[in-house]
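Visitor: no sequence for this one, just the structure:
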């Protein structure tokens with residue numbers, strides 16, 4: 001504005017910023033200003049007290065530190081997502097500036113434009129937001145320069161005031177003892193902000209826009225962090241969202257507070273990590289995880305597929321698909337965190353849903369993928385709380401005599417005997433955090449109370465039908481691929497479980513290849529041999545690196561690049 005010798009700088013959401021110069025205007029940019037940019041501008045220009053006043057009254061004035069012989073004033077108005085800012089320049093002569101500084105200026109008030117609620121919102125004739133100077137208060141009750149004094153809006157003049165009206169006449173060197181009420185000065189442009197009432201679902205429009213951008217780029221997660229550009233995770237890699245500016249801390253904080261359920265708001269206010277699932281229009285279910293780091297509050301959004309992936313899409317082998325046809329017994333789905341256990345388990349439920357005319361009950365900590373009833377009836381239930389709640393929910397479900405019981409993310413020791421008892425009559429599918437099938441079986445048995453362990457081993461040997469574990473690997477050409485370990489209920493496996501010698505399960509797995517068992521190292525090496533996965537990625541993600549190296553060497557694959565890390 002100074003370089004252009006202008007009288008005012010005007011910024012408005014959805015328009016290009018411009019400088020008022022004489023009787024004309026000068027555009028400063030070819031790009032329009034978005035809400036995020038304007039919000040950041042407010043935070044840079046206004047102190048916290050002025051921002052609070054803007055929030056309360058809808059309009060505010062704040063004086064900036066003088067530059068050279070000129071004074072500058074920020075006038076801002078806001079209604080919902082509509083923000084308007086004008087920075088006014090008041091020219092002063094060098095000689096007059098020191099004298100004028102000795103006379104305290106009268107407090108200035110901004111009369112906010114009324115916020116009109118209409119449904120639907122309509123464009124109406126503009127009504128000015130006016131600024132008026134109040135009479136000087138007595139000395140003992142003098143207000144600071146930035147004081148906000150609500151006043152009645154003045155009537156709009158018959159004719160608009162030209163931009164040149166921004167330059168107010170110089171103040172006299174000595175203020176009169178009883179000043180006259182100053183005339184109403186109209187802003188450079190008239191503003192009337194009209195917004196409909198914002199329901200809870202509409203408050204997070206900025207977040208929804210980012211989520212739609214993330215989904216359009218095939219992202220699995222969106223990261224919104226204070227003073228940082230929003231980023232997304234695509235095929236396992238983090239990358240910033242192009243064209244998005246860093247989000248100020250205050251904006252992130254307000255967005256989180258508008259999204260978080262009421263029950264979690266107190267925890268978020270204390271800076272504690274929280275997690276919940278919410279529904280967005282045209283987006284589906286999104287898992288929200290809040291955190292606080294050295295920059296301030298942040299939130300990660302994990303985009304959840306609205307429909308379960310099919311066995312065909314995931315490339316299930318014939319042996320894995322056959323597990324979904326078992327009339328009874330227990331099947332374990334294993335993997336470390338973030339390896340797609342829930343997706344794998346959901347695909348098995350989808351197989352049951354398409355092939356069996358039966359009753360399926362799922363017990364899930366969070367319902368991520370929704371199953372429509374097809375051949376089967378699928379009743380999905382969210383279980384909140386600890387082991388007692390999960391145990392009660394499982395007992396209640398079994399009283400309904402389901403043909404298939406699904407337990408996502410088993411962590412309750414008391415449920416182990418209950419599930420094994422149910423597996424004698426129904427098919428029980430259980431997901432479990434473990435890096436391999438053999439460790440999943442071992443941990444499942446050891447999860448039971450020690451005094452029940454012998455009975456649990458016998459029941460497990462009788463009802464165990466198989467286990468599937470997977471790891472996700474980055475493909476050399478982009479994307480990710482799953483390597484799966486398959487353990488089936490061979491006679492050798494049943495004998496090892498019954499005898500309580502889990503250390504021999506790996507040998508039983510290796511010896512069952514002719515029955516369809518697949519060690520994880522074999523599955524990973526096959527991907528390396530095909531060129532789909534680099535040997536370094538395979539080594540990095542393998543839970544048993546010594547065994548993987550042995551198989552790689554057996555197949556004649558060069559391991560020199562990873563042997564030093566073994």
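Guide: Received, thanks. What you see is a predicted model, and the numbers here were worked out from it, not measured in a lab.

Visitor: excluding its backbone neighbours, what's nearest the residue minimising distance to the centre of the chain?
Guide: The centroid of the chain falls nearest to residue 301 when counting by Cα atoms, centre = their mean (2.4 Å). Take residue 301 and drop its neighbours on the chain: the residue closest to it by Cβ to Cβ, 6 or more residues apart in numbering is residue 222, 4.3 Å away. Quick note: C-beta positions are derived from backbone N, CA and C, even for glycine.

Visitor: Quick one: neighbours of the one you found, just the number.
Guide: For residue 222, the neighbour count with other Cβ atoms under 10 Å is 24.

Visitor: Report all helices and strands that the helix or strand harbouring it contacts.
Guide: Here residue 222 sits within strand 221-225, counting by DSSP states H and E. Other elements packing on strand 221-225 under the criterion 3 or more Cβ pairs under 8 Å, 6 or more residues apart in numbering; DSSP states H and E are helix 205-216, strand 231-234, helix 249-259, strand 296-303.

Visitor: Tell me how far the closest residue to residue 60 other than its chain neighbours lies from residue 46.
Guide: In space, and not counting its chain neighbours, residue 60 is closest to residue 54: 4.3 Å by Cβ to Cβ, 6+ apart. The gap separating residue 54 from residue 46 is 7 Å, by Cβ to Cβ, to the nearest Å.

Visitor: any common contacting residues for the two?
Guide: Shared contacts of residue 54 and residue 46 (Cβ atoms under 8 Å, 6 or more residues apart in numbering): 60, 76.

Visitor: related to what we said a few turns ago, could you check the pLDDT of the residue nearest to residue 301?
Guide: With respect to pLDDT, residue 222 has a value of 95.

Visitor: what sits against it?
Guide: Residue 222 touches 210-211, 214, 230-232, 300-301, 303, counting by Cβ under 8 Å, 6+ apart.

Visitor: now those as TSV including distance to residue 533 and pLDDT?
Guide: Formatted as TSV, the contacts of residue 222 follow (distance: Cβ to Cβ, whole Å; pLDDT from 0 to 100):
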residue	distance to residue 533	pLDDT
210	32	91
211	31	90
214	26	90
230	30	95
231	25	96
232	23	95
300	27	94
301	29	93
303	25	87
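
Visitor: Out of the helices and strands packed on strand 221-225, which is closest to residue 521?
Guide: Across those, residue 521 has its closest neighbour in strand 231-234 (27.7 Å, Cβ to Cβ).

Visitor: low pLDDT regions in the stretch 351-500 of the chain?
Guide: 385-386 (pLDDT under 70).

Visitor: so can I have TSV of the helices and strands packed on strand 221-225 showing distance to residue 63?
Guide: Below are the helices and strands packed on strand 221-225 laid out as TSV (distance: least, Cβ to Cβ, whole Å):
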stretch	distance to residue 63
helix 205-216	30
strand 231-234	38
helix 249-259	22
strand 296-303	28
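
Visitor: so residue 475 touches residue 528, yeah?
Guide: No - using Cβ atoms under 8 Å, residue 475 is not in contact with residue 528; the gap is 11.4 Å.

Visitor: The two - which one has more neighbours?
Guide: Neighbour count, other Cβ under 10 Å: between residue 475 and residue 528, residue 528 has more, with 23 against 16.

Visitor: so how far is the longest helix seen in the chain off the chain centroid?
Guide: If you go by DSSP state H, the chain has its longest helix at helix 341-355. Mean C-alpha position of helix 341-355 versus that of the full chain (Cα atoms, centre = their mean, to the nearest Å) differs by 26 Å.

Visitor: Same check on stretch 415-422?
Guide: So, by Cα atoms, centre = their mean, the centroid of stretch 415-422 is 36 Å from its chain's centroid.

Visitor: do the same with stretch 394-414
Guide: Mean-position distance between stretch 394-414 and its chain equals 31 Å (Cα atoms, centre = their mean).

Visitor: Which residues outside that stretch are in contact with it?
Guide: 341-342, 345, 349, 352, 356, 358-365, 376, 381, 386-388, 390-391, 415-416, 418-419, 422, 426-433, 444, 447-449.

Visitor: swap the cut-off to 7 Å and go again
Guide: With Cβ atoms under 7 Å, 6 or more residues apart in numbering as the test, stretch 394-414 has contacts from 342, 345, 349, 352, 358-365, 387, 390-391, 415, 418-419, 422, 426-432, 447-449.

Visitor: Any buried residues in that stretch, and which?
Guide: Within stretch 394-414, the residues that qualify as buried are 394, 397-398, 402-410, 412, counting by 16 or more other Cβ atoms under 10 Å.

Visitor: Reformat these as a markdown table; add distance to residue 328.
Guide: As requested, the buried residues of stretch 394-414 are arranged in a markdown table below (distance: Cβ to Cβ, whole Å):
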| residue | distance to residue 328 |
| --- | --- |
| 394 | 16 |
| 397 | 16 |
| 398 | 13 |
| 402 | 11 |
| 403 | 9 |
| 404 | 9 |
| 405 | 10 |
| 406 | 14 |
| 407 | 15 |
| 408 | 20 |
| 409 | 22 |
| 410 | 18 |
| 412 | 21 |
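
Visitor: With respect to residue 336, which of those residues is nearest?
Guide: Once Cβ to Cβ is applied, the member of the buried residues of stretch 394-414 that ends up nearest residue 336 is residue 409, at 12.6 Å.

Visitor: A strand includes that closest one, no?
Guide: No - under DSSP: H, G, I helix; E, B strand; the rest coil, residue 409 falls outside any strand and is assigned coil.

Visitor: For residue 381, see how far away it is.
Guide: Distance of residue 409 to residue 381, given as Cβ to Cβ: 14 Å.

Visitor: which residues touch the nearest residue to residue 483 once chain neighbours are set aside?
Guide: Ranked by Cβ to Cβ, 6+ apart and with sequence neighbours excluded, the top spatial neighbour of residue 483 is residue 523, at 4.1 Å. Taking Cβ under 7 Å, 6+ apart, we find residue 523 in contact with 483-485.
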